[in-house]
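Enquirer: My questions are about this predicted structure, shown below with the sequence.
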Amino acid sequence: MGWNIEGQYVETCNCAFLCPCITSNLSAQPTEGDCKAAIAMRIDSGEKDGVSLNGLSFVVLLHSPGPMVDGNIKVGLIIDEKADEAQADAIGQIASGSVGGPMAALAPLVGEMAGIEKRAITMEGGGLKFSLKAGELVNMSVEGLPGANEDGEPIYIEHVPHPANSRLALAKATNSEFHAFGIDWEDSTGMRNGHFQQFSWAA
């Protein structure tokens, strides 16, 4: 049976803006030598095998020791504490790529699955500003770069190799804190990389 989820995505990483992973098809050296990133997804609607995933969120926290294309990436998953066992199992399969979908393309690059945690996850925002908190493990916020238009839309980068969407809004991380799975990062300079976009996944 298939599955589908759609909603809002937000991400920050430790790279200086603009993250070279995005503009090099994952082949460039991250600006700090390694890459630490939190990829957060809020599911506004979706289901897998009849299990509703509406209103649940998850965060994929990763550490790449060098260019992402070289692999050996460590990944941890934080699932919304509201998810019951069936829902958490469905999200775990989707986030790992084991049931296909966009995350399956990254699966061969993963060298270590560091674990799964459950926390209260809240994602807020709209327009150019989004924020996410996953208990004490992840706290981040982004502000998009306004485009040269009158409708308030951010600047977008297109045709990028990213599981969330091939078209991402450019943003700077106004705050970024990760402390989970041995992946630690804190920054509030406003000079680090961020993205946001709606997403729609299915397989």
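Expert: Okay, I see it. Numbers count the residues shown, from 1 in each chain.
Enquirer: what sits against H63?
Expert: For H63, the contact set (Cβ atoms under 8 Å, 6 or more residues apart in numbering) comprises 34-36, 73-74, 181-183. All C-beta atoms are positioned from the backbone trio N, CA, C, and that covers glycine.
Enquirer: Can you flag the buried ones in those residues?
Expert: Buried residues within the contacts of H63, defined by neighbour count using 16 or more other Cβ atoms under 10 Å: 35-36, 73-74, 181, 183.
Enquirer: wait, which of these is closest to A120?
Expert: Proximity to A120 was ranked across these by Cβ to Cβ; first place goes to F181, at 17.9 Å.
Enquirer: Now that closest one: closest residue in space, sequence neighbours ignored.
Expert: Leaving aside its sequence neighbours, F181 sits nearest to G76 (Cβ to Cβ, 6 or more residues apart in numbering; 3.3 Å).
Enquirer: residues near that neighbour, how many?
Expert: By the criterion of other Cβ atoms under 10 Å, G76 has 22 neighbours.
Enquirer: same thing with the one 3 residues further on?
Expert: Taking other Cβ under 10 Å as the neighbour definition, I79 ends up with a count of 23.
Enquirer: Could you tell me how far it is located from I43?
Expert: 11 Å (Cβ to Cβ, to the nearest Å).
Enquirer: G127 now?
Expert: Relative to I43, G127 is positioned 21 Å away (Cβ to Cβ).
Enquirer: who has more neighbours, those two?
Expert: Each of G127 and I43 has its neighbours counted (other Cβ under 10 Å); I43 has more, 25 against 11.
Enquirer: For that one, what are phi and psi?
Expert: I43 has phi and psi values of phi -90, psi 110 when expressed as degrees, to the nearest 10.
Enquirer: most distant residue from the middle of this protein?
Expert: Of all residues in the chain, E150 has its C-alpha farthest from the mean position, at 28.4 Å, by Cα atoms, centre = their mean.
Enquirer: can I assume it sits in a helix?
Expert: No. E150 sits outside any helix when classified using DSSP: H, G, I helix; E, B strand; the rest coil, being coil.
Enquirer: then the helix or strand of the chain with the lowest mean pLDDT to CSV, C-alphas only?
Expert: Taking mean pLDDT, DSSP states H and E as the measure, the helices and strands of the chain show their lowest mean at helix 20-23, namely a mean of 91. What follows is helix 20-23 as a C-alpha-only set of coordinates in CSV (Å, rounded to 0.1, in the frame of the first residue of the first chain):
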residue,chain,number,x,y,z
PRO,A,20,27.6,24.9,-0.5
CYS,A,21,26.0,21.4,-0.3
ILE,A,22,22.9,22.8,-2.0
THR,A,23,24.7,24.5,-4.8
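Enquirer: roughly how far out does it sit from the chain middle?
Expert: Put simply, helix 20-23 sits 15 Å off its chain's centre (Cα atoms, centre = their mean, to the nearest Å).
Enquirer: What of stretch 46-53?
Expert: In this view, stretch 46-53 has its centroid 20 Å away from the chain centroid, taken as Cα atoms, centre = their mean.
Enquirer: And for stretch 128-144?
Expert: Chain-centre distance of stretch 128-144: 11 Å, with Cα atoms, centre = their mean.
Enquirer: Just the CA atoms of the host helix or strand of V75, as PDB, please.
Expert: Taking DSSP states H and E as the criterion, the element that holds V75 is strand 73-80. As requested, the backbone C-alpha atoms of strand 73-80 are provided in PDB (Å, rounded to 0.1, in the frame of the first residue of the first chain):
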ATOM      1  CA  ILE A  73      26.300  10.300   7.600                       C
ATOM      2  CA  LYS A  74      25.000   9.900  11.100                       C
ATOM      3  CA  VAL A  75      21.300  10.300  11.400                       C
ATOM      4  CA  GLY A  76      18.900  10.600  14.400                       C
ATOM      5  CA  LEU A  77      15.100  10.900  14.300                       C
ATOM      6  CA  ILE A  78      12.900  12.900  16.700                       C
ATOM      7  CA  ILE A  79       9.200  12.000  16.400                       C
ATOM      8  CA  ASP A  80       6.300  14.000  17.800                       C
END
